[in-house]
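>>> structure for this input, please:
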Amino acid sequence: MVLPKQIKNLANALTKLPEIGPRAALRLVFFLLETEQNEILDLSEAIKSLKTVKICPQCFNLSDNGLCILCQDKKRDNRQIMVIETILDILPIERTKQYHGLYHILGGVLSPLDNIGPEKLKIKELITRINNLKKENPSLPVEIIIAFNPTTEGDTTTLYLERQLKPLSISITKLGRGLATGSNLEYADENTIAESLKSRK
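Numbering: from 1, shown residues only. Sure thing, here's the model as predicted:
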């Protein structure tokens, strides 16, 4: 099929999105061609606005500007920090309504095959954050909850992190094994995550 250049260009751009192949990209383009002009403009503006999204300097979540909405929430326990792999892991945990602390997004897990070492993760930033909390009020406890996906890489990162944090004399817990080995926290249901949170040790 001979297609106009504009359609080819947009379809090619869409194939760069996750799980969008050439055929799916073309279907999306044809859908957009039949969409009202004002709706297309709204979509275009929404995509452009993504450029204004910032990264929270404390937990590395997404933010409008400065600290993210979770780090700004005074009702949350800032001395309880759950360490997770990616920003997407926050969503299923928040849906449980069982966790009221803050987060620290590591940015991945250790993976020699993918050339991801400790220096590429937000481990130093986590240690600095913990030390700052201890300086603020040495008498109050700090709990770090490690909540990585139950994979080989996740377990390896957990062991490494435990060794790095042990000298800080803080409470270190891990989610209970409600999640099946090899599963992904992002896709786990709320009840499973809630039970894992309650049974952490």
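>>> buried residues of the strand or helix carrying residue 157, list them for me.
Using DSSP states H and E, residue 157 maps to helix 152-165. Judged by neighbour count using 16 or more other C-beta atoms under 10 Å, the buried positions of helix 152-165 are 153-155, 157-158, 160-161, 165. The C-beta positions use only the backbone N, C-alpha and C, and glycine is treated the same way.
>>> what's it packed up against?
Judged by 3 or more C-beta pairs under 8 Å, 6 or more residues apart in numbering; DSSP states H and E, helix 152-165 is in contact with helix 123-136, strand 143-146, strand 171-174.
>>> I'd like to know which of the ones you listed is closest to residue 24.
Nearest to residue 24 among the helices and strands packed on helix 152-165 is strand 143-146; the distance by C-beta to C-beta comes to 36.6 Å.
>>> take the buried residues of helix 152-165 and write them to CSV, including pLDDT.
What follows is those, written out as CSV (pLDDT from 0 to 100):
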residue, pLDDT
153, 94
154, 93
155, 92
157, 97
158, 95
160, 97
161, 97
165, 97
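>>> quick check: closest non-adjacent residue to residue 197.
The shortest distance from residue 197 to any non-neighbouring residue, by C-beta to C-beta, 6 or more residues apart in numbering, is to residue 98 (5.3 Å).
>>> the one you found and residue 121, how far apart?
Going from residue 98 to residue 121 by C-beta to C-beta, to the nearest Å gives 26 Å.
>>> of the two, which one has the most company?
The neighbour count for residue 98 versus residue 121, taken as other C-beta atoms under 10 Å, is higher for residue 121 (21 against 14).
>>> for that one, give me the pLDDT.
The score at residue 121 is 98. That number is its pLDDT.
>>> read off the pLDDT value for the residue nearest to it when sequence neighbours are not counted.
Nearest non-adjacent residue to residue 121, counting by C-beta to C-beta, 6+ apart: residue 106, 4.9 Å away. For residue 106, the pLDDT comes out at 98.
>>> ok, the buried residues of helix 152-165 vs residue 56, which is closest?
Taking these together and measuring to residue 56 by C-beta to C-beta, the closest member is residue 161, at 20.1 Å.
>>> my guess is the closest one contacts residue 85. True?
No: with contact defined as C-beta atoms under 8 Å, residue 161 does not reach residue 85; the gap is 11.6 Å.
>>> if we can go back for a sec, out of the buried residues of helix 152-165, flag the one nearest to residue 24.
Looking across these and measuring by C-beta to C-beta, the closest to residue 24 is residue 153, at 29.3 Å.
>>> wait, that closest one touches residue 109, no?
Yes: when contacts are counted by C-beta under 8 Å, residue 153 is listed as touching residue 109 (4.4 Å).
>>> quick check, central residue of this structure?
residue 87 (1.6 Å; C-alpha atoms, centre = their mean).
>>> contact partners for that residue?
60-62, 105 (C-beta atoms under 8 Å, 6 or more residues apart in numbering).
>>> picking up where we left off before, hmm, who's touching the helix holding residue 157?
83, 85, 106, 109-111, 118, 121, 123, 126-127, 130, 144, 146, 148, 172, 174.
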